[in-house]
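A.B. asks: pasting the structure only:
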């Protein structure tokens with residue numbers, strides 16, 4: 001299908017193919033920019049780019065999903081006036097140029113199976129596939145971790161989204177069949193194999209998830225405000241990752257209520273990542289481990305609702321639908337919150353019963369038709385060889 005679209009748009013055939021996955025955080029909301037821990041999963045949902053070099057310096061790309069064509073020149077600095085999906089790609093191109101890398105003009109067709117605007121990092125998937133495209137077209141390689149940082153920089157500086165490195169790191173460093181326990185300070189990770197008895201189901205609330213220019217930056221700044229207050233009493237503290245609850249409590253009177261609540265959530269959330277990773281490693285066949293996962297995921301959702309305040313009514317309805325479904329082990333928010341997708345760990349043999357219940361329950365409570373995806377850990381970004 002992509003080849004036919006390419007021929008229709010550019011009267012030829014693509015020379016190369018690249019791809020990069022979306023991701024879902026199984027535990028660790030908003031901990032990345034606080035240098036904490038995240039348990040994250042690269043998805044078997046991808047953004048693909050089929051492309052060929054051009055003789056000029058233009059990057060001309062067609063999005064199958066949006067039925068739109070956009071372009072920019074590889075020799076012209078990124079324009080802040082540029083808007084829309086092409087900005088993610090031109091931002092990556094600008095970072096590579098800033099670092100001294102060159103690449104030719106490109107004709108390309110893009111297609112993504114990552115739900116757009118659902119909190120599964122469709123933007124990072126696009127950025128990382130673009131990075132692979134520029135490296136292939138330019139005949140150069142970049143260290144994998146550095147490539148993730150370049151893509152994060154593109155989103156921070158050229159898209160205007162002050163995200164941490166979680167999304168890009170997961171998309172580039174993923175390994176099929178495994179979860180990533182990411183240390184966002186050290187930028188290192190441990191791979192954890194997802195037990196065969198557990199399936200992950202993404203439940204899309206169909207409530208729009210838009211973070212640029214939203215409350216995301218406010219939450220980030222509130223965390224940093226909390227750290228500045230904590231550092232006055234505890235100079236060794238650099239981020240909320242370094243903070244214990246009892247230290248936060250001693251500074252409570254120096255903070256406004258919102259800064260205290262945001263900080264309390266992050267401290268607990270980063271610790272929940274470590275506990276959830278250990279529990280998944282043991283597997284849910286162990287009754288104690290399965291029960292602990294349920295408790296941790298519920299605590300994460302409650303904290304996201306009451307402390308970090310990133311839920312919307314549709315998310316609360318979906319959480320109830322997921323937690324009451326047959327086969328549900330543990331359910332929580334995904335991504336930055338404020339709508340979009342949520343995730344559940346489900347007993348593999350009860351997947352269809354789980355999905356039928358969630359779909360019916362959510363439709364009756366919200367009036368919306370949920371989209372449900374059974375996903376597995378996918379491979380990180382790379383070139384596709386046919």
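C.D. replies: Received it, and whenever you're ready, just let me know what you need. Keep in mind the model is a prediction, meaning the values are calculated, not measured.
A.B. asks: what sits up against stretch 148-168?
C.D. replies: Stretch 148-168 is contacted by residues 23, 25, 28, 32-34, 38, 40, 78, 80, 87-88, 90-92, 94-96, 99, 121, 123-124, 127-128, 130-131, 142, 169, 171-173, 182, 184, 187, 211-213, 216-217, 220 when judged by Cβ atoms under 8 Å, 6 or more residues apart in numbering. No exception for glycine: its C-beta is placed from N, CA and C like everyone else's.
A.B. asks: can we see that at 7 Å?
C.D. replies: Stretch 148-168 has contacts (Cβ atoms under 7 Å, 6 or more residues apart in numbering) with 23, 25, 32-33, 38, 40, 78, 87-88, 91-92, 94-96, 121, 123-124, 127-128, 131, 142, 169, 172-173, 182, 184, 211-212, 217, 220.
A.B. asks: buried stuff in that stretch?
C.D. replies: Across stretch 148-168, burial judged by 16 or more other Cβ atoms under 10 Å covers 148-159, 161-168.
A.B. asks: pLDDT below threshold where in this structure?
C.D. replies: Scanning the chain with the threshold set as pLDDT under 70 gives 80-81, 208-214, 284-286, 386.
A.B. asks: Can you show me the strands along it?
C.D. replies: Ranges of strands within the chain are 16-27, 37-53, 58-63, 68-73, 106-112, 178-183, 188-193, 198-204, 328-333, 341-347, 371-375, 382-384, based on DSSP state E.
A.B. asks: Return the most buried member of those.
C.D. replies: Ranked by mean neighbour count, the strands of the chain are led by strand 16-27 with a mean of 28 (mean count of other Cβ atoms under 10 Å).
A.B. asks: what sits against the closest residue to residue 270 other than its chain neighbours?
C.D. replies: Using Cβ to Cβ, 6 or more residues apart in numbering and skipping residues adjacent in sequence, the residue nearest residue 270 is residue 36, 3.4 Å away. Neighbour list for residue 36: 28, 184, 240-241, 266, 270 [criterion: Cβ under 7 Å, 6+ apart].
A.B. asks: Turn those into TSV, columns for neighbour count.
C.D. replies: Shown next, in TSV, are those (neighbours: other Cβ atoms under 10 Å):
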residue	neighbour count
28	26
184	23
240	26
241	19
266	30
270	24
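A.B. asks: Just confirm residue 40 contacts residue 25, I think it does.
C.D. replies: Yes. Taking Cβ atoms under 7 Å as the definition, residue 40 is a contact partner of residue 25 at 4.9 Å.
A.B. asks: for the longest helix anywhere in the chain, packing partners?
C.D. replies: Scanning the chain for the longest helix, with DSSP state H as the assignment, gives helix 257-282. Counting contacts by 3 or more Cβ pairs under 7 Å, 6 or more residues apart in numbering; DSSP states H and E, helix 257-282 is packed against strand 16-27, strand 37-53, strand 188-193, helix 215-233, helix 245-250, helix 287-306.
A.B. asks: Try it again at 8 Å.
C.D. replies: strand 16-27, strand 37-53, strand 178-183, strand 188-193, helix 215-233, helix 245-250, helix 287-306 (3 or more Cβ pairs under 8 Å, 6 or more residues apart in numbering; DSSP states H and E).
A.B. asks: Relative to the whole chain's centre, how far out is that helix?
C.D. replies: Helix 257-282 sits 17 Å away from the centroid of its parent chain (Cα atoms, centre = their mean, to the nearest Å).
A.B. asks: what comes up buried for it?
C.D. replies: When neighbours are counted by 16+ other Cβ under 10 Å, the buried residues of helix 257-282 are found to be 258-267, 269-273, 275-277, 279-280.
A.B. asks: Can you give the domain ranges for this structure?
C.D. replies: Under automatic domain parsing, the residue ranges defining each domain of the chain are 2-194+379-384, 198-375.
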